[in-house]
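Colleague: Output the structure for:
(one chain, ligands or ions: 1)
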Amino acid sequence: MLEISLLGATGSIGRQTLEVCAWQPQLRVLAMTGGRDWQALAKLAREYQPEMVAIADLQAYAPLREALADLPIRVEAGEDGLKQAACWPGADTVLAAISGMAGLPPLLAAIAAKKNIALANKEALVAGGALVMERAAQAGVKISPVDSEHSALWQCLAGEKTEQIAKLILTASGGAFRDLSLEELQSVTAAQALQHPNWRMGEKITIDCATMVNKGLEVIEAHWLFGVDYERIQVLIHRESIVHSMVAFQDGSIKAQLAQADMRLPIQYALLGQDRPQTSVSPPDLAALSALHFEIPDFLRFPGLAAMIEAGKRGGTAPAYLNGANEILNLAFRRGEIRFPALGQALGDLLAAYREVPADQEAVIYRADQQGREDAARLLSA
Ligand code: NDP
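Modeller: Predicted coordinates for the structure are as follows:
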């Protein structure tokens, strides 16, 4: 049995994790969390019968408790409730799938409680990279990637030595607007951006894919997970989303991982690793595909990608700052409060004016995140 605590159970990754649990009876969910949607969390709790549930929104506590009153399930709420779920006794692994920076406090709590981590919540690693990796090493816990690109890199690196890596090559679908000109990008809407060509995901990450900020976050995530410097991490647009990422080695070889675009595979690999239990997902039909394409991304049309990578290279609190700003701008675009090209431009401008400090303490990271949010909000209201 592998017993897990599922943070962000009501989201896209959370629900797909529950599907993986339904596939593999050796997986059992002991604790699950939600943000605000208590009805969805109550429904999942009734179906999967965990020992405890926690909801971030304090106002959702009473109705959630009421909805589960007839079941022996403990109900908690708020940041403390999320931390309790992250540290739930008996859970060996925490699958961290809260969206955004809100996932960092429970992630750090889980590490302190010596839980192994299956990490989907990239923003937490982007903002708190050095601290998260240092605390995981001190606690002796494993961080396994859920993100499909990082899962691919991890699979390509199995049995290989880090010092033999020439380059990590992260593939990107290019998002909903990959073929639009700068002029066409002026009038695109959030509704259009939410029609991702290859994946069905939560709203925040789908918009991040359209701006390509998501790939910048992933470059930073790869840097921390695999200890590779930024000069050796490359991004390539790959519109088929079949090659999930690649590793080039110093001898001139490249290893790639290919699979259908189905997040249940990397979720399962993060939880059950090299066991590779059977699934209902068939391998891609390469003959039917006939061709795989790879292109250099256009940093002019997608300046948010350039800004996020630059924040990673600058280090310290720069990624936490820009990630915080992006969370505000991403939401503003979804609400129709900022145009698409202005969003990427704003990230570049905010980073240019920001002076980072070392990100060596939790409080410093939260302050940088907050400053990013405030600066972005100021820019929106100007
Ligand atoms: P969703 O928006 O679908 O789900 C987010 C989850 O987090 C929900 O359970 C939501 O609860 C909860 N949540 C939101 N805000 C808070 C908060 N402030 N405090 C506590 N919980 C909160 O996102 P995804 O599942 O798409 O993404 C989750 C993470 O995984 C992200 O970091 C994303 O980048 C990453 N990821 C996602 C992929 C995908 O295919 N979806 C692929 C690779 C990585 P509620 O439902 O109640 O709002």
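
Colleague: Show the contacting residues for Lys115.
Modeller: Counting by C-beta atoms under 8 Å, 6 or more residues apart in numbering, Lys115 makes contact with Ser5, Ala86, Cys87, Ala91, Asp92, Thr93, Val94, Val141. (Each C-beta comes from the backbone N, C-alpha and C, glycine too.)

Colleague: how about the helices in the stretch 251-382 of the chain?
Modeller: Ranges of helices within the stretch 251-382 of the chain are 264-272, 286-289, 303-314, 318-334, 340-353, 362-381, based on DSSP state H, counting those that start in this stretch.

Colleague: and the residue of the chain found nearest the ligand, how far is that from Ala109?
Modeller: Across the chain, the shortest distance to the ligand (C-beta to the nearest ligand atom) belongs to Gly11, at 1.9 Å. Distance, Gly11 to Ala109, using C-beta to C-beta, to the nearest Å: 19 Å.

Colleague: The two: which has the busier surroundings?
Modeller: Neighbour totals were compared for Gly11 and Ala109, and Gly11 leads with 26 against 19 (other C-beta atoms under 10 Å).

Colleague: Just the pLDDT for His196.
Modeller: The per-residue pLDDT reported for His196 equals 68.

Colleague: Among the contacts of Lys115, which lie within helices?
Modeller: Among those, the ones falling in helices (DSSP state H) are Ala86.

Colleague: Reformat the contacts of Lys115 as CSV; add pLDDT, distance to the ligand and neighbour count.
Modeller: Rendered in CSV, the data for those read as follows (pLDDT from 0 to 100; distance: C-beta to the nearest ligand atom, whole Å; neighbours: other C-beta atoms under 10 Å):
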residue, pLDDT, distance to the ligand, neighbour count
Ser5, 98, 13, 31
Ala86, 98, 11, 28
Cys87, 98, 15, 19
Ala91, 97, 17, 26
Asp92, 96, 20, 14
Thr93, 98, 16, 21
Val94, 98, 13, 27
Val141, 98, 19, 18
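
Colleague: Which residue ranges of the stretch 1-150 of the chain form strands?
Modeller: Using DSSP state E, counting those that start in this stretch, the strands of the stretch 1-150 of the chain run over 2-7, 27-34, 52-55, 74-77, 93-96, 116-119, 143-145.

Colleague: and the ones you listed as a markdown table, adding distance to Arg65?
Modeller: Shown next, in a markdown table, are these (distance: least, C-beta to C-beta, whole Å):
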| stretch | distance to Arg65 |
| --- | --- |
| strand 2-7 | 19 |
| strand 27-34 | 13 |
| strand 52-55 | 9 |
| strand 74-77 | 5 |
| strand 93-96 | 23 |
| strand 116-119 | 28 |
| strand 143-145 | 33 |
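
Colleague: Let me know which of those strands is the nearest to Glu295.
Modeller: With C-beta to C-beta as the measure, strand 143-145 is the member of those nearest Glu295 (24.3 Å).

Colleague: returning to that earlier point: ignoring the adjacent residues along the chain, who's closest to the residue of the chain closest to the ligand?
Modeller: Nearest residue to Gly11, sequence neighbours excluded (C-beta to C-beta, 6 or more residues apart in numbering): Gly202, at 5.3 Å.

Colleague: Kindly report the same for Leu322.
Modeller: Leaving out its chain neighbours, Leu322 is closest to Ala311 (C-beta to C-beta, 6+ apart), at 4.2 Å.

Colleague: The one you found and Ala318 touch, don't they?
Modeller: Yes: with contact defined as C-beta atoms under 8 Å, Ala311 reaches Ala318; the gap is 4.2 Å.

Colleague: between those two, which one's more packed in?
Modeller: Shown here are Ala311 and Ala318; by other C-beta under 10 Å, Ala311 has more neighbours (30 against 24).

Colleague: Against Ile220, how distant is the more buried one?
Modeller: 7 Å.

Colleague: With Ser173 instead?
Modeller: 19 Å.

Colleague: Neighbour count for the two, which is higher?
Modeller: Taking neighbours as other C-beta under 10 Å, Ser173 and Ile220 compare with Ile220 leading, 27 against 21.

Colleague: and the closest residue to that one other than its chain neighbours, how many residues sit next to it?
Modeller: Excluding its sequence neighbours, the residue lying closest to Ile220 (C-beta to C-beta, 6+ apart) is Gly312, at 4.0 Å. Look at Gly312: counted by other C-beta under 10 Å, it has 23 neighbours.

Colleague: near the ligand, which residues of the chain?
Modeller: Residues of the chain that fall close to the ligand, judged by C-beta under 6 Å from any ligand atom: 8-14, 34-37, 40, 56, 82, 97-99, 102, 120-123, 147, 199, 201-202, 204-205, 263.
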